[in-house]
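Trainee: Sharing a sequence plus its predicted fold:
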Amino acid sequence: MLNISDNHLPPKAYPIGLMSTGKTKLPAWHWSFRRLLAVLLVIVLVFMFLPWTQNVRANGRVTTLRPEQRPQTVHATISGRIEHWYVTEGQAIKRGDTLVFLSEVKSDYFDPELVARVGDQVSAKKGSIDAYGQKAGALEDQIGAMRRELENKILQTRNKMEQARLKIESDTLKVVQARIDLQVAQRQLSGTKSLYDKGLEPLTKLEERRLKLQDAETKLVAAENQLGSSRNDLAIYTTELRLIQNETANKIAKTQSDRFSTLSDRFDAKANVSKLQIERENYARRQSFYYILAPQDGFVVQALKPGIGEIIKEGEPLLSIQPANYQLAVEIFVKPLDLPLLSVGSNVRFIFDGWPAFFFSGWPGVSLGTFGGYIVAIDRNISPNGKFRVLVSPDAADHPWPSAILPGGGAKGIALLSDVSVWYELWRVINGFPPDLYKSMPGSGNKAKEDKK
């Protein structure tokens with residue numbers, strides 16, 4: 001039975017037909033079950049070494065790639081009263097189409113001819129500028145005339161001073177001559193008196209010499225007086241010259257002051273003209289703001305201030321529009337723990353709300369109904385929901401996104417990381433380790449997408 005030796009028992013020695021041997025014999029299905037377990041074990045072992053793509057999942061919503069392509073709100077530039085609506089919700093509009101007409105509510109702008117009246121003020125101020133310029137020119141001419149008059153008066157006074165100097169010289173010579181005549185008369189009187197005392201000259205001769213002496217003294221006094229008068233005239237002319245200079249300088253200074261005041265008034269008038277021109281332009285622009293125009297092509301989404309006669313404030317929203325031309329993108333919000341695993345250019349697969357899809361985690365290549373994209377931007381600051389926003393653009397090399405998707409719809413993003421074995425992924429999940437950090441190698445698809453962008 002144990003096949004230890006080469007000797008064998010005869011067949012009749014075996015207990016054939018005994019009930020115990022029939023009950024202890026293994027059933028036939030047992031061997032099939034063992035084979036099945038072996039096959040399953042082999043399959044599991046093979047499955048453990050299959051490739052597995054690590055991923056990070058995050059929820060998000062459909063948006064647009066550029067900010068100007070996202071839904072926007074049209075605001076009122078000025079305060080006003082709604083008079084007429086030119087559009088309805090859902091209506092297609094073109095850039096520059098009139099949306100709403102407003103009327104004025106501030107009393108400062110009620111005048112319908114406000115712009116024209118301010119224009120008249122501008123014209124009047126411009127006329128005053130010209131008048132101020134002419135006045136300044138006249139004052140400048142007056143200053144020139146005063147200076148010329150001053151030069152003439154100075155020349156005239158200096159001529160008088162020169163005449164006075166010449167007269168002083170002449171009078172000085174007369175005084176000298178009178179002194180000489182006085183000395184001669186004194187000597188003659190002294191000689192005549194000596195002769196008279198000796199009896200050689202008569203008394204009449206002596207009296208004649210005394211009369212000549214007195215006449216010489218009188219001429220000397222007159223000459224000295226004339227000399228003093230000439231010197232006084234010279235002093236008067238000198239003082240007059242200073243007075244003329246000072247008086248004319250004061251007049252010129254006053255005229256220059258008037259001229260500078262006129263120029264100052266002219267500059268003030270120019271400033272007022274500029275201010276009035278600004279006001280006129282502002283009034284004209286304000287009247288153009290009565291009509292709210294469409295900023296771009298799109299569709300009217302919702303009227304935020306319905307009704308006629310409703311008063312709105314400056315900067316208050318009127319309606320929201322959706323741009324007609326936009327490029328779709330998805331913004332997903334990832335946890336701070338998963339943020340270091342993502343980088344610009346990383347692959348992301350999407351499942352859009354309302355679009356049937358079958359996604360096999362770890363094997364994105366065999367998934368159905370998913371669409372590809374790549375990361376184009378990662379926010380530098382955390383969002384209010386405690387996660388980081390990641391913007392993903394469609395992958396041009398993958399299937400195009402459905403045209404039925406609109407901004408605002410929901411999306412589930414699966415960011416694809418590195419490829420590992422299934423046994424490694426199970427070991428990582430059991431131990432709670434994070435996924436491997438994904439980095440694009442040179443020549444990979446992600447690197448090509450980055451170069452393309």
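Mentor: Okay, I see it.

Trainee: So which residues of the stretch 1-150 of the chain form helices?
Mentor: Using DSSP state H, counting those that start in this stretch, the helices assigned to the stretch 1-150 of the chain run over residues 19-24, 28-48, 114-198.

Trainee: Return the most buried member of the ones you listed.
Mentor: helix 114-198 (a mean of 15; mean count of other CB atoms under 10 Å). Bear in mind the C-beta positions are built from the backbone N, C-alpha and C, glycine included.

Trainee: Just list what it packs against, helices and strands only.
Mentor: Applying 3 or more CB pairs under 8 Å, 6 or more residues apart in numbering; DSSP states H and E, one finds that helix 114-198 contacts helix 203-288.

Trainee: could you say what helices and strands the helix it packs on packs with?
Mentor: Helix 203-288 packs on helix 114-198, going by 3+ CB pairs under 8 Å, 6+ apart.

Trainee: angle of the helix it packs on against helix 203-288?
Mentor: 170 degrees (axes from the mean of the first three to the mean of the last three CA atoms, to 10 degrees).

Trainee: Skipping adjacent residues, who's closest to residue 277 in space?
Mentor: residue 122 (5.8 Å; CB to CB, 6 or more residues apart in numbering).

Trainee: surely the one you found meets residue 279?
Mentor: No - contact status for residue 122 versus residue 279: not in contact, 9.0 Å apart, counting by CB atoms under 8 Å.

Trainee: Test my guess that residue 49 contacts residue 425.
Mentor: No - if you go by CB under 8 Å, residue 49 and residue 425 don't touch, sitting 11.5 Å apart.

Trainee: These two: which is more packed in?
Mentor: residue 425 (19 against 10; other CB atoms under 10 Å).

Trainee: Would you check how far apart the more buried one and residue 431 are?
Mentor: 11 Å (CB to CB, to the nearest Å).

Trainee: repeat for residue 252
Mentor: 101 Å.

Trainee: So for the two, which residue has more residues nearby?
Mentor: When residue 252 and residue 431 are compared for neighbours, residue 252 comes out ahead with 16 against 7, by other CB under 10 Å.

Trainee: Hmm, the more buried one is touching residue 144, no?
Mentor: No - Residue 252 is beyond contact range of residue 144, at 9.6 Å (criterion: CB under 8 Å).

Trainee: Quickly list the domain ranges of this protein.
Mentor: Per automatic domain parsing, the structural domains of the chain span 50-69+326-452, 72-104+290-322, 114-284.

Trainee: tell me, how many neighbours does residue 340 end up with?
Mentor: 9.

Trainee: Including distance to residue 256, could the helices of the stretch 1-150 of the chain go into a markdown table?
Mentor: Formatted as a markdown table, the helices of the stretch 1-150 of the chain follow (distance: least, CB to CB, whole Å):
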| stretch | distance to residue 256 |
| --- | --- |
| helix 19-24 | 141 |
| helix 28-48 | 105 |
| helix 114-198 | 6 |
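
Trainee: Make CSV out of those helices and add mean pLDDT and distance to residue 66.
Mentor: Converted to CSV, the helices of the stretch 1-150 of the chain look like this (pLDDT from 0 to 100; distance: least, CB to CB, whole Å):
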stretch, mean pLDDT, distance to residue 66
helix 19-24, 57, 81
helix 28-48, 77, 45
helix 114-198, 87, 38
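
Trainee: Just tell me which of these ends up closest to residue 350.
Mentor: helix 28-48 (27.3 Å; CB to CB).

Trainee: residues making contact with that closest one?
Mentor: Helix 28-48 is contacted by residues 421-423, 426 when judged by CB atoms under 8 Å, 6 or more residues apart in numbering.

Trainee: chain center to it, what's the gap?
Mentor: 76 Å (CA atoms, centre = their mean, to the nearest Å).

Trainee: which stretches of the stretch 351-453 of the chain have low pLDDT?
Mentor: 357-369, 418-420, 432-434, 436-453 (pLDDT under 70).

Trainee: What ranges does it have for its helices?
Mentor: Using DSSP H, counting those that start in this stretch, helices in the stretch 351-453 of the chain cover 422-431, 445-452.

Trainee: which strands and helices sit next to the first one?
Mentor: In terms of contacts (3+ CB pairs under 8 Å, 6+ apart), helix 422-431 is packed against helix 28-48, strand 51-64.

Trainee: List the buried residues in it.
Mentor: Buried residues in helix 422-431, counted by 16 or more other CB atoms under 10 Å: 422, 425, 428.

Trainee: Could you dump the residues you listed into CSV with distance to residue 176 added?
Mentor: Below are those laid out as CSV (distance: CB to CB, whole Å):
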residue, distance to residue 176
422, 144
425, 140
428, 137
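
Trainee: The nearest residue to residue 315 once chain neighbours are set aside pairs with what?
Mentor: Excluding the flanking residues, the one nearest residue 315 by CB to CB, 6+ apart is residue 75, at 5.4 Å. For residue 75, the beta-bridge partners are residue 317 (DSSP bridges).

Trainee: neighbours around residue 75, how many?
Mentor: By other CB under 10 Å, 15 other residues sit near residue 75.

Trainee: Name all residues that make contact with it.
Mentor: 315-318.

Trainee: got CSV for those residues, with neighbour count too?
Mentor: What follows is the contacts of residue 75, written out as CSV (neighbours: other CB atoms under 10 Å):
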residue, neighbour count
315, 10
316, 14
317, 15
318, 20
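
Trainee: Going by distance to residue 88, which of those wins?
Mentor: Among the contacts of residue 75, and counting by CB to CB, the member closest to residue 88 is residue 318, at 13.7 Å.

Trainee: Retrieve the pLDDT associated with that closest one.
Mentor: Looking at residue 318, its pLDDT stands at 91.

Trainee: Against residue 156, how distant is residue 255?
Mentor: Residue 255 is 22 Å from residue 156, by CB to CB.

Trainee: And for residue 43?
Mentor: 134 Å.

Trainee: Over to residue 273?
Mentor: 47 Å.

Trainee: still on that earlier bit, dump the helices and strands packed on helix 422-431 to JSON lines, plus distance to residue 335.
Mentor: Shown next, in JSON lines, are these (distance: least, CB to CB, whole Å):
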{"stretch": "helix 28-48", "distance to residue 335": "29"}
{"stretch": "strand 51-64", "distance to residue 335": "8"}
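
Trainee: looking at the ones you listed, which is closest to residue 267?
Mentor: strand 51-64 (52.7 Å).

Trainee: Show me what counts as buried in the closest one.
Mentor: 52-56, 58, 60, 62-64.

Trainee: could you redo those residues as CSV and give each row distance to residue 38 and pLDDT?
Mentor: Below are the buried residues of strand 51-64 laid out as CSV (distance: CB to CB, whole Å; pLDDT from 0 to 100):
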residue, distance to residue 38, pLDDT
52, 25, 67
53, 30, 70
54, 31, 69
55, 33, 74
56, 38, 78
58, 42, 87
60, 46, 89
62, 50, 91
63, 54, 90
64, 57, 89
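
Trainee: would CSV of those with distance to residue 299 be doable?
Mentor: Formatted as CSV, the buried residues of strand 51-64 follow (distance: CB to CB, whole Å):
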residue, distance to residue 299
52, 45
53, 40
54, 41
55, 36
56, 35
58, 30
60, 23
62, 16
63, 17
64, 14
